[in-house]
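In: Here's a sequence, model it:
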Amino acid sequence: MFFTNPQNDVGSQVKDWWNRLPLFTTFILFLSIPLCISSYFEGYPIWFIALNPQLFVESYYIWTLLTYSYQAIGLLSAVFSLYLFTTSANKNERNLGTVRYIFFFGFYSILLGSIFVALSYLLQNISLPLFSTMKTSIFSGLWPMVMIELVLLSNKDPDSSSKFMCCPCLIKSKYVPLIYFIIAILISRRIWEITLGIAGGYLHLSGFMNCIILSESCASKLERTLFYPLTKLSSFAFVDEFNGSSNFGIQRNQWSNEFTPFTGTGYRLGEDDETEFGNLSGQAYGTNTRNKNLPNRLI
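Out: Here you go, the predicted structure:
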């Protein structure tokens with residue numbers, strides 16, 4: 001626990017978290033906070049950013065399919081969703097690469113927003129308030145993407161047990177999205193965002209949406225052309241940095257069974273010639289041969 005270990009205090013944890021934030025996740029963090037605060041001021045044009053089905057269809061507010069994710073409504077909801085998003089999307093953007101994650105984020109924003117608009121017109125004649133008010137309601141915030149991220153992460157090892165927030169009991173990871181769905185029904189106003197986000201996560205897990213992930217070759221070309229200025233930033237995650245893949249799995253280095261015996265000339269214990277020792281390339285202990293197609297470091 002960092003509360004008792006001076007080597008892992010709260011400040012170090014926050015600094016480490018900040019240093020690990022990749023470019024696009026940091027951009028969303030810096031954009032969502034001021035937009036949320038601005039929504040409390042009278043005259044703020046929230047309808048130009050959040051998605052409203054009626055304005056989308058009748059006034060052609062098409063751009064809101066891409067902008068609604070950045071407009072959080074309610075400070076508590078914004079803080080909670082940003083916390084969950086930055087802790088989960090952080091890993092996925094590092095894994096996929098910034099370019100591929102931008103396209104992944106944009107695709108699901110458009111897809112889930114379009115589904116909400118379609119449902120609002122298909123279900124508008126149902127007398128229940130949950131359906132009859134959809135057309136005039138607002139679809140906004142990061143909750144759809146947060147739930148996609150949580151579904152993907154919780155199903156990496158679905159039968160593993162972990163604590164849920166402050167709950168003392170352990171639950172299986174695969175039930176975490178269901179718990180969030182129940183919470184949304186009971187206390188949250190973001191029912192549709194959470195529901196469609198969960199649906200989007202399981203849709204991606206089915207494998208039908210793998211085609212929307214850019215190939216490594218295509219993403220690499222975009223890094224060298226359209227996104228080249230962004231690659232100069234230290235937080236940019238290159239597509240081949242961790243050999244990312246579309247299943248959000250962490251790809252670790254693969255080691256072959258071939259063993260290279262000692263062939264160099266070592267030094268006796270206590271001799272400290274760093275230059276010549278470095279030239280031995282670790283052969284004084286024998287080395288395993290790495291797969292040359294993978295990055296030369298462990299995650």
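In: Any regions of the stretch 1-150 of the chain where pLDDT drops low?
Out: Low-confidence segments of the stretch 1-150 of the chain, defined by pLDDT under 70: 1-8.
In: contacting residues for L35?
Out: I49, Y70, Q71, A72 (C-beta atoms under 8 Å, 6 or more residues apart in numbering). Every C-beta, even on glycine, is put in place using the N, C-alpha and C of the backbone.
In: quick one: L230 and Q71, what's the gap?
Out: Separation of L230 from Q71 (C-beta to C-beta, to the nearest Å): 23 Å.
In: Among those two, which residue is more densely surrounded?
Out: Q71 (26 against 16; other C-beta atoms under 10 Å).
In: thinking the more buried one is in contact with P34, fair?
Out: No - using C-beta atoms under 8 Å, Q71 makes no contact with P34, being 10.7 Å away.
In: Which elements pack onto the top helix by length along the chain?
Out: The longest helix of the chain (DSSP state H) is helix 98-122. Helices and strands touching helix 98-122, by 3 or more C-beta pairs under 8 Å, 6 or more residues apart in numbering; DSSP states H and E, are helix 23-38, helix 53-58, helix 64-67, helix 75-96, helix 143-154, helix 191-205, helix 216-224.
In: Please work out which residues outside the second one touch it.
Out: Think helix 53-58. Contacting residues not belonging to helix 53-58 are listed as 47, 61-62, 64-65, 116-117, 120-121, 134-137, 139 [C-beta under 8 Å, 6+ apart].
In: May I have stretch 123-134 as CSV, with CA atoms only?
Out: Written as CSV, here are the backbone C-alpha positions of stretch 123-134 (Å, rounded to 0.1, in the frame of the first residue of the first chain):
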residue,chain,number,x,y,z
LEU,A,123,-39.5,3.5,-29.9
GLN,A,124,-41.0,7.0,-29.7
ASN,A,125,-44.6,5.7,-29.7
ILE,A,126,-44.0,3.5,-26.7
SER,A,127,-45.8,5.2,-23.7
LEU,A,128,-43.0,4.6,-21.2
PRO,A,129,-41.0,7.7,-20.4
LEU,A,130,-37.8,6.0,-21.0
PHE,A,131,-38.7,5.6,-24.7
SER,A,132,-41.0,8.5,-25.4
THR,A,133,-38.5,11.1,-24.3
MET,A,134,-35.5,9.7,-26.3
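In: Can you mark which positions in that stretch are buried?
Out: M134 (16 or more other C-beta atoms under 10 Å).
In: who touches that stretch?
Out: Outside stretch 123-134, the residues touching it (C-beta under 8 Å, 6+ apart) are P53, F116, L119, S120, K135, I191, W192.
In: can we see that at 10 Å?
Out: Residues outside stretch 123-134 that contact it (C-beta atoms under 10 Å, 6 or more residues apart in numbering): 53-54, 116-117, 119-122, 135-137, 185, 191-192.
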